[in-house]
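Engineer: just to be clear, the model below is a prediction. Sequence and coordinates:
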Amino acid sequence: MDTERAPDAVDAILAQWGRERPDLDCGPMGTIGRIKRCAALLQRRQDEVFSAYGMTSWEFDVLATLKRSGTPYRMAPTALFSSLMITSGTMTHRLKGLETRGLVLRVPHGDDARSVLVQLTADGLDLIDRAVTAHVANQHRLLGSTAAADLAALDAALSRLLGVLEPGAQD
């Protein structure tokens, strides 16, 4: 990996802390700051693609989760909100909006007459198929100038970090 790089916005913050609190090792602040800044900038670029398809990022996430579940593209609301790491109240509100737009529908659960499943409609399936194609192409554009070896090293390092941070990880 090439260690030569131009200073970035996080370097300026670190320099300020170095001046104000030279007694602190703010190295981790740089790493976390860069991860947060990259996440925010990447989200903006992804939102541009979602917007072109008349969607927000959360709408994309719901539709993509249903698509990834496989045919017949339906899930129990509990499994859906758990997968998306949101509350049931938030899920209910989001599903109402997607249902109003004709992108999902609630169907009776075959094994439990008291519950329903959320399913992609034909329009929802068409929309997510088109949007995910554009989304993946956008991701390739966003990372295209970074060497494959650097991306692999970054991916491995971030995977290890997730292993430490995610619930259930060893302390």
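Structural biologist: That came through, no problem.
Engineer: looking only at pLDDT, what's the mean for the lengthiest helix in the chain?
Structural biologist: Assignment by DSSP state H gives helix 27-52 as the longest helix of the chain. In this model, helix 27-52 carries a mean pLDDT of 96.
Engineer: A helix includes Val116, no?
Structural biologist: No. The assignment for Val116 by DSSP: H, G, I helix; E, B strand; the rest coil gives strand, which leaves it out of any helix.
Engineer: now it. Nearest residue, chain neighbours left out?
Structural biologist: Sequence neighbours aside, Arg106 is the residue nearest to Val116 in space, at 4.3 Å (criterion: CB to CB, 6 or more residues apart in numbering). Using the backbone N, CA and C atoms, a C-beta is placed for each residue, glycine as well.
Engineer: and the helices in the protein?
Structural biologist: Secondary structure of the chain (DSSP H): helices at 9-20, 27-52, 57-68, 77-84, 88-100, 122-143, 148-165.
Engineer: helices or strands next to the second one in the packing?
Structural biologist: Going back to what we said before, that points to helix 27-52. Using 3 or more CB pairs under 8 Å, 6 or more residues apart in numbering; DSSP states H and E as the contact definition, the elements that helix 27-52 packs against are helix 9-20, helix 57-68, helix 122-143.
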